[in-house]
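In: coords please:
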Amino acid sequence: MAHLCGLCLALRGEHGQFARVATNYDGLVISVLVEAQAGRSDGWRRTAGPCPLRGMRTASVAQGEGARLAATVSLVLASAKVRDHVADGDGALARRPVAAAARRVAGRWDRAGARSGAEIGFDTAVLLDAVGRQQEIEELAGAGTSLLTVTEPTETATAAAFGHTAVLAGKPGNRAPLEEAGRLFGRLAHLLDAVEDLVEDAETGAWNPITATGADLAEVRRLCDDAAHGVRLALDDVEFACKRSGGLAHVLLAHELPRAVDRAFGTTSCTHTGDIGDTGQAADAPESSQGAPPPQSPWFTPQGPDAPGGPGGTPPEPPDRGRRRGLIAGCAVWAGLFCTCQVCCRDPYHDPWSGEPREGWCQKCSDCADCCDCCGNCCDGCDCCSNCCDGCDCGCDCGC
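Out: Predicted coordinates:
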């Protein structure tokens with residue numbers, strides 16, 4: 001919560017109240033990485049006043065260059081998301097006056113992000129160039145196009161953001177491994193978003209990289225597993241200030257990413273190891289019959305004549321999804337979820353924008369007691385990471 005609130009307050013402080021709607025979870029990783037490398041000190045935290053989203057309680061929140069970089073990246077990417085919604089004509093944005101107003105907001109956010117980025121030495125032109133190339137690649141992509149070609153702009157943008165955290169933290173030796181981690185993080189985020197939206201995009205006719213390229217879902221899963229595993233390997237080469245400082249970054253990137261893959265594909269596996277079998281599936285995924293394709297996500301039907309599926313069976317129903325909303329309506333619902341603590345205590349709650357079911361933040365702490373702040377500090381003897389299994393070794397020494 002310290003980094004979430006710090007990101008939100010950095011957006012408000014530098015770009016005004018309305019900019020707080022650009023707060024997003026991906027931006028948290030940027031703030032976490034800067035603090036983890038620099039080491040927590042009084043200069044990286046401050047006490048924020050009461051806020052309705054925290055039940056009118058004060059809190060220690062992140063501040064400084066890490067929060068500012070997270071705010072800059074979030075603002076620029078939010079402007080790109082607004083343009084994407086305008087281009088798709090989503091909801092009220094199908095109306096020309098509303099679309100014109102949204103474009104003006106996106107333009108202001110681009111300029112504001114460029115100013116704040118320049119103050120901390122980060123060139124947002126890398127992000128804007130990636131957004132522009134993404135649109136061009138999507139227009140040209142077709143059957144047979146590599147998924148890695150489609151994800152390249154996202155990879156480039158996240159690599160630049162991750163790498164700059166090393167510069168801000170004064171750890172230039174970390175830049176190369178963090179750029180690699182960022183590149184794979186961007187690839188994974190792009191692919192998982194495509195997997196989760198596959199059914200809905202097919203129904204609405206929206207562009208989806210998996211459908212557009214005709215990619216096999218087994219290959220998509222392999223790319224996701226490889227990316228999650230690669231992020232963990234890259235983190236092994238990153239020098240954090242201390243074990244305590246790097247604990248939260250390790251949990252978010254080494255532990256949670258494999259779980260995100262399992263959730264997207266509807267599988268359960270020992271997600272710490274990242275061990276992938278010959279079929280590209282998680283090691284403990286249910287075995288398929290000899291010669292049959294590996295198991296796929298249970299809530300969408302792959303496209304094309306070679307799409308795998310059970311013989312004579314019908315695909316299971318998709319997960320219960322809530323209502324999809326536009327940017328402003330989603331932000332209003334997001335505020336309500338925070339005020340009522342549903343994002344922490346409800347499992348699952350529905351994402352305010354996409355309607356996807358999400359795990360409540362406190363659910364991973366159900367067996368944690370007070371051992372180590374839900375593995376946020378990764379301590380020896382801790383057995384509180386959710387879904388841990390016997391014999392699992394993620395390569396860390398957190399005891400999970």
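
In: let me see the contact set for residue 348.
Out: Counting by C-beta atoms under 8 Å, 6 or more residues apart in numbering, residue 348 makes contact with 357-360. Where you see a C-beta, it was placed from the backbone N, CA and C, and this is true even at glycine.

In: where along the stretch 51-200 of the chain do the helices fall?
Out: 65-88, 96-119, 125-140, 147-169, 175-196, 198-204 (DSSP state H, counting those that start in this stretch).

In: among those helices, which is nearest residue 226?
Out: helix 175-196 (8.1 Å; C-beta to C-beta).

In: any chance of the contacts of residue 348 in a markdown table, plus neighbour count?
Out: Compiled in a markdown table, the contacts of residue 348 are given as follows (neighbours: other C-beta atoms under 10 Å):
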| residue | neighbour count |
| --- | --- |
| 357 | 15 |
| 358 | 21 |
| 359 | 17 |
| 360 | 18 |
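
In: from the residues you listed, which is closest to residue 242?
Out: For these, the nearest to residue 242 is residue 359 (28.7 Å; C-beta to C-beta).

In: now do that closest one against residue 214, distance only.
Out: Relative to residue 214, residue 359 is positioned 32 Å away (C-beta to C-beta, to the nearest Å).

In: ditto for residue 138
Out: Using C-beta to C-beta, one gets 15 Å for the distance from residue 138 to residue 214.

In: ramachandran angles for residue 349?
Out: When read as degrees, to the nearest 10, the backbone of residue 349 gives phi -110, psi 160.

In: was I right about it contacting residue 355?
Out: No. Applying C-beta atoms under 8 Å as the test, residue 349 and residue 355 come out as separate, 10.7 Å apart.

In: quick one: residue 51 from residue 152, how far?
Out: According to C-beta to C-beta, residue 51 and residue 152 sit 39 Å apart.

In: next one: residue 24
Out: 21 Å.

In: these two: which is more packed in?
Out: residue 152 (19 against 16; other C-beta atoms under 10 Å).

In: re earlier: and the contacts of residue 348, which is closest to residue 133?
Out: Relative to residue 133, the closest of the contacts of residue 348 is residue 358; by C-beta to C-beta it sits at 30.0 Å.

In: got a list of what the nearest residue to residue 56 once chain neighbours are set aside touches?
Out: Of all residues not flanking residue 56 in the chain, residue 50 sits nearest, at 4.3 Å (C-beta to C-beta, 6 or more residues apart in numbering). For residue 50, the contact set (C-beta under 8 Å, 6+ apart) comprises 56-58.

In: okay, now the domains of the protein?
Out: Taking the TED database as the reference, the chain has its domains at 1-265, 327-370.

In: weakest of those domains by average pLDDT?
Out: Of all those, the minimum mean pLDDT falls on domain 327-370 (a mean of 67).
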